[in-house]
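Asks: Got a predicted structure here, sequence first:
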Amino acid sequence: MRLDRLTDRLRRTRRSPWHVTRRSALVCLVAGTLVSGCATSTPGPDSYSAIQLGEVLLTDNFNNPAAGRLSSQSDDPAVEQAYIEGEYQVRLSPSAKPFRAVGANSPFANHQVAVDARLGEGTETRWVGVACRLNPKDGTAQFYALLAVPATGQFALSNFDGYRWVHLVAFQSSAAIRRGNASNHLELTCVGSSIIARINGTEVASAMDRSYDSGFVAVVVGRDGDIPVEARFDNLIVRDARRSP
């Protein structure tokens, strides 16, 4: 379900609808110029080894649109969303906004969200991602995201605060990323203030941030510039997560 449609779940407690706007400039995302402290690209005390996974909270293998957890309806003619050939497709035309986040309408607090993500067609200056704790705020949205750029083998662990990307871990290279149009398994774990990113089973970054304590999960696709981008997602799964005793 697209971000601005998720307000139906929260309309009783929020006054205004929300959506992601063009104020989120992709140039700062690619350049990685907005970097906060308290983050690391190597395992720290908040790393995945300290996390215990529990029950499955949500799953979608994208084989059955009738039982799908993500919406096949787009309210933007510049964006296509569809269940196709056992995957979930999001396609942005050159006139679409810089990125699109499509979320499942179930909120979670401490959880891990994982998905297989790949780019279709061109890959240059295009990226895919997975998001956690996505929430409305003042007419827009805020969330944490793991972003991967398969063309260059780079990733970032980021906070979209509703207006700009603030990188908890700036864009950097990782050998864990499969290049080109290959599929990458992206995992984002949000437990307390710990935000942990893994790609294809390898922990690539972790950070401490207290901005958001719960929200929706989402898949994300974007690009730099007015060019088309297509992403395919598969095997979405959300699990309960806790810090090991």
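Replies: Nice, I can see it.

Asks: helix or strand for Asn63, which one?
Replies: Assignment of secondary structure by DSSP states H and E places Asn63 within no helix or strand.

Asks: That one and Glu87 touch, don't they?
Replies: No. Judged on Cβ atoms under 8 Å, Asn63 makes no contact with Glu87 at a distance of 9.1 Å. Every residue, glycine included, has its C-beta placed from N, CA and C.

Asks: between the two, which one's more packed in?
Replies: Counted by other Cβ atoms under 10 Å, Asn63 and Glu87 do not tie: Glu87 has more neighbours, with 20 against 12.

Asks: what residues are up against that one?
Replies: By Cβ atoms under 8 Å, 6 or more residues apart in numbering, the contact list for Glu87 reads Phe62, Arg232, Phe233, Asp234.

Asks: Just checking, which helix or strand of the protein averages the lowest pLDDT?
Replies: Every helix and strand of the chain was ranked by mean pLDDT, DSSP states H and E. The lowest is helix 26-31, at a mean of 28.

Asks: Count the neighbours of Leu134 for me.
Replies: Neighbours of Leu134 under the rule other Cβ under 10 Å: 25.

Asks: Now for the residue nearest to it when sequence neighbours are not counted, how many residues are close by?
Replies: Once flanking residues are discounted, Leu134 sits nearest to Phe143: 3.7 Å by Cβ to Cβ, 6 or more residues apart in numbering. For Phe143, the count of nearby residues is 29 (other Cβ under 10 Å).

Asks: for the one 3 residues further on, same thing?
Replies: When counting by other Cβ under 10 Å, one arrives at 30 neighbours for Leu146.

Asks: quick one: it and Phe160 touch, right?
Replies: No. Checked against Cβ under 8 Å, the pair Leu146 and Phe160 is beyond contact range at 11.9 Å.

Asks: so what's in contact with these two at the same time?
Replies: Residues touching both Leu146 and Phe160 (Cβ under 8 Å, 6+ apart) are Ala131.

Asks: Tell me how far Arg118 lies from Ala218.
Replies: 17 Å (Cβ to Cβ, to the nearest Å).

Asks: can you list the weak-confidence ranges in this protein?
Replies: Low-confidence segments of the chain, defined by pLDDT under 70: 1-46, 139.

Asks: ok so Ala66 is a helix residue?
Replies: Yes. Per DSSP: H, G, I helix; E, B strand; the rest coil, Ala66 lies within a helix segment.

Asks: separation between it and Glu80?
Replies: 19 Å.
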